[in-house]
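Asks: below are the sequence and a predicted model for it; my questions follow.
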Amino acid sequence: MLRIAIQAKGRLNEESIGLLAEAGVSIEDSKRKLLARSDGFPLEVLYLRDDDIPQAVSMGVADLGVVGLNEVEEKGFDVEIVHRLGFGKCRLSLAVPKTEPYDGLSYFEGKRVATSYPVILSRFFREKGIAAEIHEIAGSVEIAPSVGMADAIFDIVSSGGTLVTNGLKEVEQVLFSEAVLIGGRALSDDKRQILSQLLFRIEAVERSRGLKYVLMNLPHAKIPEAVRILPGMKSPTILPLAQEGWSSMHVVINERELWSKIEQLKAIGAEDILVLSLEKMIR
């Protein structure tokens, strides 16, 4: 059995549980428990603080973990990034008071910078040759300049709304982060086999995102033209209808192209077009 550590609460918790559910791994509702087990898959979930997950995986307390790349980079534990999950996207950025003129990284020379990510920031300043004072703060980093604790901050930015609220402006983007699946480097063969099965399911879910399954009826004579419009995964599926001279075409379309393709198909005589959600794409 595999043990996976996920965030005990917050957005990564909800999206991690949601992804597992889409992959057919249902977890009992156990917000008051430390451990929960899946009914139909050899997996149990360990609920932890996000900044404890890399250490837990490196120590073998958990075999896998879902955590932000920013925490992996900051903690520096010996773990393997198994798969990038694509949700929980954010960035670690430097921000200064919006009234301050900013003309480049030299601004930070000799300045006091507050952050909860001193390791990442120290490495960045070292690479850029900047000598700044880094002050580690556990929380509410964004208020540090307004109360006189720092001249600037280095913190997580998603929409940027929190910076604006606190009179700050983003000036340098240092690290782009997202949720990643991490693993220990000493997994047994049995556990790696279970991990392979889990990744197979996760990737099937991911491939289906942004895709729609489209069915339509059209005259036989228009099939070559429709195929040029909709090449499909390999090629569209064509099935004859009971009505002579007509066929049904089935194809997968990227949602970004959906309406333009439908307009082209209508123009050549396609009728009764159905658009369905695609749950899994298995190859």
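Replies: Structure received. Not measured: the values here are computed from a predicted model.
Asks: could you use CA atoms for every contact and neighbour count after this?
Replies: Fine.
Asks: wait, isn't residue 25 in contact with residue 38?
Replies: Yes - counting by CA atoms under 8 Å, residue 25 does reach residue 38; the two are 6.2 Å apart.
Asks: neighbour count winner among the two?
Replies: Set side by side, residue 25 and residue 38 show unequal neighbour counts under other CA atoms under 10 Å, the larger going to residue 25 at 21 against 16.
Asks: please identify the helix or strand for that one.
Replies: Per DSSP states H and E, residue 25 falls between elements, in no helix or strand.
Asks: per-residue confidence for residue 207?
Replies: With respect to pLDDT, residue 207 scores 85.
Asks: how far off centre is stretch 127-146?
Replies: Centroid separation for stretch 127-146 versus its chain: 27 Å, with CA atoms, centre = their mean, to the nearest Å.
Asks: what comes up buried for that stretch?
Replies: Within stretch 127-146, the residues that qualify as buried are 130, 132-135, 137, 141-145, counting by 16 or more other CA atoms under 10 Å.
Asks: name the residues linked to residue 2 by a beta bridge.
Replies: Per DSSP bridges, the residues bridged to residue 2 are residue 43.
Asks: contacting residues for it?
Replies: Residue 2 sits next to 42-44, 62-64, 191, 194-195 when contact means CA atoms under 8 Å, 6 or more residues apart in numbering.
Asks: residue 28 too?
Replies: Counting by CA under 8 Å, 6+ apart, residue 28 makes contact with 36-38.
Asks: mind listing which of the residues you listed are in strands?
Replies: Here DSSP state E is the test, and those give 36-37 as lying in strands.
Asks: and the contacts of residue 28, which is closest to residue 71?
Replies: Distance from residue 71 was checked for each of the contacts of residue 28 by CA to CA. The minimum falls on residue 36, at 23.4 Å.
Asks: please identify the helix or strand for the closest residue to the closest one other than its chain neighbours.
Replies: In space, and not counting its chain neighbours, residue 36 is closest to residue 45: 5.1 Å by CA to CA, 6 or more residues apart in numbering. Residue 45 belongs to strand 43-48 when elements are defined using DSSP H and E.
Asks: would you put the C-alpha positions of that strand in CSV?
Replies: Taking Å, rounded to 0.1, in the frame of the first residue of the first chain, the C-alpha atoms of strand 43-48 are listed here in CSV:
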residue,chain,number,x,y,z
LEU,A,43,-3.6,4.0,-1.0
GLU,A,44,-4.0,5.8,2.2
VAL,A,45,-3.9,9.6,2.8
LEU,A,46,-1.8,11.3,5.5
TYR,A,47,-3.0,14.8,6.2
LEU,A,48,-0.2,17.3,7.0
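Asks: helices or strands up against it?
Replies: Packed against strand 43-48, as judged by 3 or more CA pairs under 8 Å, 6 or more residues apart in numbering; DSSP states H and E, are the following elements: strand 2-7, strand 35-37.
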